[in-house]
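Chemist: Sequence and predicted model, in that order:
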Amino acid sequence: MKKRLLASLTAFSLMAGTLAGCGGTTNSNGSADKAANQTIEMADASEVSGTTITFWHSMGGVNGEAVTALVDKFNSENEFGITVEAQYQGEYDDSINKLKSAQMGNLGADLVQIYEIGTRFMIESGWAVPMQNMIDADNFDTSKLEENLLAYYTIDDKLYSMPFNSSTPLMYYNKDMFEKAGITEVPTSLEGILKIGDKLMNEGGAKQAISLGIYGWFYEQFLGKQGLDYVDNGNGRDDIATKVVFDENGGAENIMTVWKELYDAGYAPNVGKGGDSGLAEFSAGTSAITLGSTASLKQILQDVNGKFEVGTAYFPSVKDSDEGGVSIGGASLWALNNNDPKKLRATWEFVKFLISAESQAFWNAQTGYFPVTTEAHEQEVFKSNIAQYPQFQTAIDQLHDSSPEYTGALLSVFPEARAEVESKIEGMLNGNTDIPTTVTELATAINEMIEEYNLLNS
């Protein structure tokens with residue numbers, strides 16, 4: 001028997017100009033304007049024996065080894081006769097670009113891992129079968145999945161992709177330096193770091209108060225910690241974003257003002273762009289504070305190697321008075337519509353395995369990403385990992401203390417926007433432009449990207 005799924009796939013006009021550099025795209029009907037509300041079939045689990053599916057992922061190194069271990073376990077233990085072929089596609093950008101260049105109807109994968117900022121693009125592409133359809137067809141209980149993670153990937157009450165490797169940003173600090181400087185309260189804002197900069201450097205022995213990497217994700221988090229939106233239309237969640245609003249609500253100016261003060265005071269020199277910038281300075285004992293993903297914890301502890309005690313705290317706000325929260329990073333799993341009922345069912349069974357309590361406890365222990373299901377907290381593997389790395393509890397607490405209303409923005413041109421944010425902030429720090437000009441130029445640049453994208457894909 002086959003279960004029929006109303007996919008309600010968003011109609012998306014992939015104009016030739018949009019993907020000209022990616023080889024163009026057509027769907028199985030030869031048109032990129034495939035009608036919405038397609039009826040998708042998913043086979044019964046009893047019908048999928050012998051089915052092989054392809055899983056594209058972007059996990060290298062230790063994380064890639066953990067993916068391989070999970071895939072091998074599923075292949076050897078699943079009762080359905082399903083085989084998963086995992087294929088590493090490179091970094092997140094590489095994976096989504098390869099997907100864009102594939103021919104619709106022959107996407108090359110059945111399940112693909114896409115970073116969180118690719119969410120709006122994937123929804124509009126019409127290439128995916130929303131997870132909600134499989135959840136509903138299988139009567140799957142999502143109540144044990146983390147609410148804030150589901151909130152990020154849910155639009156109009158429909159969960160489009162399944163959270164898998166999720167993280168939030170943390171503040172890491174050198175407890176030894178804080179103690180030496182006589183600082184007993186950990187700052188909760190950039191303003192607070194500004195107030196203790198002198199003590200950390202003059203008494204604590206730090207050469208930098210904070211190694212603050214210029215990273216677009218941090219900029220987005222600083223907006224969320226202010227409780228402010230990045231773009232219009234409900235942060236791109238009520239409807240497709242048409243412009244940024246961080247120039248109108250004061251969020252960008254607030255961020256850049258304090259950041260520049262930290263820079264000018266010598267507390268936060270330019271340590272480069274990207275998510276890992278600043279981590280090396282912290283691990284080497286040069287800086288007293290740094291910002292990084294929860295998934296960086298184990299690497300930091302390994303690099304520090306006991307030279308000092310590493311503390312973790314919530315990601316800082318901009319001002320002490322800010323009241324907001326953090327949103328997640330990482331990636332989720334997207335089921336691709338290849339018009340094959342057996343492959344779709346096999347994909348769904350594999351997804352359920354990946355988000356199971358046992359799998360997520362293992363994933364957390366191996367990678368540092370936190371479990372997407374609360375049931376993993378009862379697994380002995382998870383308990384042992386928390387006992388060994390108590391700093392990780394900060395990530396769990398921060399996730400639960402952040403309201404789902406701060407899930408973050410959705411924007412089709414997010415990768416390009418992040419690069420623009422990083423470039424403009426670096427220019428501002430280097431004195432190329434003043435803060436008002438930087439904000440205006442940043443807003444103008446991203447608005448042009450949004451306008452062009454929306455025009456080509458209307």
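Modeler: Arrived safely.
Chemist: need the contact list for the residue nearest to residue 307 when sequence neighbours are not counted.
Modeler: In space, and not counting its chain neighbours, residue 307 is closest to residue 285: 6.0 Å by C-beta to C-beta, 6 or more residues apart in numbering. Every C-beta, even on glycine, is put in place using the N, C-alpha and C of the backbone. Contact analysis of residue 285 by C-beta atoms under 8 Å, 6 or more residues apart in numbering lists 174, 307, 308.
Chemist: Determine the three-state secondary structure at residue 285.
Modeler: coil (DSSP: H, G, I helix; E, B strand; the rest coil).
Chemist: And the one 3 residues further on, by the same measure?
Modeler: Assigned with three-state DSSP, residue 288 falls in the strand class.
Chemist: what sits against it?
Modeler: With C-beta under 8 Å, 6+ apart, residue 288 has these contacts: 173, 174, 177, 178, 181, 200, 201, 204, 206, 208, 209, 210.
Chemist: How about residue 57?
Modeler: By C-beta under 8 Å, 6+ apart, the neighbours of residue 57 are 64, 67, 86, 87, 88, 89, 95, 112, 113.
Chemist: so which strand or helix has the first one?
Modeler: Meaning residue 64. helix 61-77 (DSSP states H and E).
Chemist: so what are the domain limits for the protein?
Modeler: 2-167+329-378, 169-326+405-456 (automatic domain parsing).
Chemist: out of those, which comes closest to residue 392?
Modeler: With C-beta to C-beta as the criterion, residue 392 lies closest to domain 169-326+405-456 of these, at 5.9 Å.
Chemist: and that closest one, how far from the chain's centre?
Modeler: Averaging C-alpha positions (C-alpha atoms, centre = their mean, to the nearest Å) puts domain 169-326+405-456 15 Å from its chain's average.
Chemist: Quick check: mean pLDDT of that domain?
Modeler: Domain 169-326+405-456 shows a mean pLDDT of 96.
Chemist: wouldn't residue 58 be in contact with residue 113 here?
Modeler: Yes: taking contacts as C-beta atoms under 8 Å, residue 58 lies within contact range of residue 113: 5.6 Å.
Chemist: list residues touching both of those two?
Modeler: By C-beta under 8 Å, 6+ apart, the residues touching both residue 58 and residue 113 are 95, 331.
Chemist: before we move on, the earlier item: counting neighbours, which of the contacts of residue 285 comes out on top?
Modeler: Ranked by neighbour count (other C-beta atoms under 10 Å), these have residue 174 at the top, with 27 neighbours.
Chemist: quick one: that residue from residue 406, how far?
Modeler: Relative to residue 406, residue 174 is positioned 28 Å away (C-beta to C-beta, to the nearest Å).
Chemist: same deal with residue 299?
Modeler: Here the criterion is C-beta to C-beta. By it, residue 299 lies 26 Å from residue 406.
Chemist: between these two, who's got more neighbours?
Modeler: A direct count of neighbours by other C-beta under 10 Å for residue 299 and residue 406 places residue 406 higher, at 22 against 17.
Chemist: ranges for the strands of the stretch 201-350 of the chain?
Modeler: Along the stretch 201-350 of the chain, counting by DSSP state E, counting those that start in this stretch, strands occupy 208-211, 287-293, 310-314, 329-336.
Chemist: Tabulate the domains of the chain in JSON lines, adding columns for distance to residue 393.
Modeler: Below are the domains of the chain laid out as JSON lines (distance: least, C-beta to C-beta, whole Å):
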{"stretch": "domain 2-167+329-378", "distance to residue 393": "10"}
{"stretch": "domain 169-326+405-456", "distance to residue 393": "8"}
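Chemist: out of those domains, which comes closest to residue 389?
Modeler: domain 169-326+405-456 (6.5 Å).
Chemist: Residue 232 against residue 240, yeah?
Modeler: No: between residue 232 and residue 240 there is no contact under C-beta under 8 Å: 9.6 Å.
Chemist: Between these two, which is the more surrounded one?
Modeler: The residue with more neighbours, out of residue 232 and residue 240, is residue 240; 21 against 18, by other C-beta under 10 Å.
Chemist: where does residue 21 land on pLDDT?
Modeler: Residue 21 is given a pLDDT of 31.
Chemist: Tell me the bridge partners for the nearest residue to residue 87 once chain neighbours are set aside.
Modeler: Nearest residue to residue 87 in three dimensions, chain neighbours excluded: residue 56, at 5.5 Å (C-beta to C-beta, 6+ apart). Per DSSP bridges, the residues bridged to residue 56 are residue 87, residue 112.
Chemist: Might one say that residue 56 is in contact with residue 112?
Modeler: Yes: with contact defined as C-beta under 8 Å, residue 56 reaches residue 112; the gap is 4.4 Å.
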